[in-house]
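> Sequence isn't available, so here's the structure alone:
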């Protein structure tokens, strides 16, 4: 939902109210009543229009001094002045190009920076971003190439599609060229909503303690095509075989030391077993100052054990895992992930003790399958209803995958379909599925639609 709402009204723009006040003041001063056709009444109406125009300008100027309401260049000025944040400009797509020569040479072959390539239809041109060298004895090398036209237009060229060399004189013994991965990373200039969101996130960026908000801000500042970012301290699965001792109080105990244990993950088993014992019946535990102390119940299943197995998850101190989700609902590709890693590893951003990794969220697939019925007396044309249903499904898919950890919620689909003109809907799938958002320090999840089955069940009586 947009965080930029309706403009504030600092002064009233009610023309009737202003005109009434002017007429009342005039009549009080002149001690005569104004009739609707009185020339002075018409003059007052003109003065009212001038006042209202000025008040509209006052309200506009007032709103343009607020980051939550300003637009365009006014918002740019506030962003740079208050937050020291510049609007993200449009970015060019990138891909990895491989250049091959006909045979290995006794001297290195230099591929100059700016060497241009294109696809067979010559629709877009790509330039290499740095000098590349085919070493002595080699026949190929790879180098990054960038689209000359900024924006998303350069995204989506699959491996092998960019394969025509424009500057043929740049590469002696040239044989072929091709992109080895899908082009990506192109993004449009940030709109006002995206820019304002970046300003708000920028407040977290001032901390050098490594909070999640700071990492998420710097990651999102890489591209306007990034819809959501989640920063978590990851969990590490641990297993200890602990000896059982008899305490001074004659209790059987076992212990292990580890920082950051997630207590809900603790599982205790007999030695060599993976069958969990029952807390409260077979054992109890305490976890204080990094020490996990297991007390074995005298009448439980572990009472005769000399050793026990302790399983748990522990937070990894100093590790930060970043997960990025793109506008189209896909996880970030290698180009975007590398850009995020570079942005978040800068000396002015990353705390010295943090180890940062950019990883992929886990896809949770779901299907859309429903049947809809139309009121026989509906005045809305069938083609309009079908188009509205298709649009509702598209909106649902876009909403469902727009945020990391957003639960798969069929109620949202049902709500969107209610505005299409259908009488009722029977949704078979998806069913409600809770997704991990990373708050439990586990790998977060994101929904992905894999198929659609939409059935028109026909007309029904009311």
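Great, that's in hand. Worth saying up front: this structure is predicted, and the values here are computed from it rather than measured.

> use CA for all of it now, contacts and neighbours both
OK.

> For the protein, give me the ranges with low pLDDT.
1-3, 204-210 (pLDDT under 70).

> Let me see the ranges of the helices in it.
In the chain, the helices defined using DSSP state H lie at 15-30, 39-64, 72-78, 192-202, 212-220, 334-344, 382-400, 410-417.

> Please name whichever of these is nearest to residue 293.
Residue 293 lies closest to helix 212-220 among those, at 31.3 Å (C-alpha to C-alpha).

> still on that earlier bit, would you list the helices of the chain in TSV and tack on mean neighbour count?
Shown next, in TSV, are the helices of the chain (neighbours: other C-alpha atoms under 10 Å):
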stretch	mean neighbour count
helix 15-30	14
helix 39-64	16
helix 72-78	17
helix 192-202	20
helix 212-220	23
helix 334-344	19
helix 382-400	16
helix 410-417	17
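
> for those helices, which one sits closest to residue 291?
The nearest among the helices of the chain, by C-alpha to C-alpha, is helix 212-220 at 27.0 Å.

> list the helices and strands the closest one packs on?
Judged by 3 or more C-alpha pairs under 8 Å, 6 or more residues apart in numbering; DSSP states H and E, helix 212-220 is in contact with helix 192-202, strand 226-232, strand 319-326, helix 334-344.

> Reformat the ones you listed as a markdown table; add distance to residue 312.
Below are the helices and strands packed on helix 212-220 laid out as a markdown table (distance: least, C-alpha to C-alpha, whole Å):
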| stretch | distance to residue 312 |
| --- | --- |
| helix 192-202 | 34 |
| strand 226-232 | 18 |
| strand 319-326 | 18 |
| helix 334-344 | 29 |
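
> Ok, which of the ones you listed comes nearest residue 257?
The nearest among these, by C-alpha to C-alpha, is strand 319-326 at 19.5 Å.

> Walk me through the domains of the protein.
Using automatic domain parsing, the domain parsing of the chain gives 15-64, 92-179, 192-231+321-359, 235-315, 362-460.

> Those: which one's closest to residue 79?
With C-alpha to C-alpha as the yardstick, what comes closest out of the domains of the chain is domain 192-231+321-359 (6.7 Å).

> what about that closest one, how long is it end to end?
End-to-end distance for domain 192-231+321-359: 29 Å, by C-alpha to C-alpha, to the nearest Å.

> cool, and stretch 347-355?
Using C-alpha to C-alpha, one end of stretch 347-355 lies 12 Å from the other.

> how much distance is there from that stretch to the middle of the chain?
Distance, stretch centre to chain centre, for stretch 347-355: 22 Å (C-alpha atoms, centre = their mean, to the nearest Å).

> buried sites along it?
In terms of neighbour count (16 or more other C-alpha atoms under 10 Å), stretch 347-355 has its buried residues at 349-351.

> Distance to residue 438 added to the helices of the chain, as CSV?
Shown next, in CSV, are these (distance: least, C-alpha to C-alpha, whole Å):
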stretch, distance to residue 438
helix 15-30, 54
helix 39-64, 37
helix 72-78, 33
helix 192-202, 19
helix 212-220, 11
helix 334-344, 18
helix 382-400, 17
helix 410-417, 22
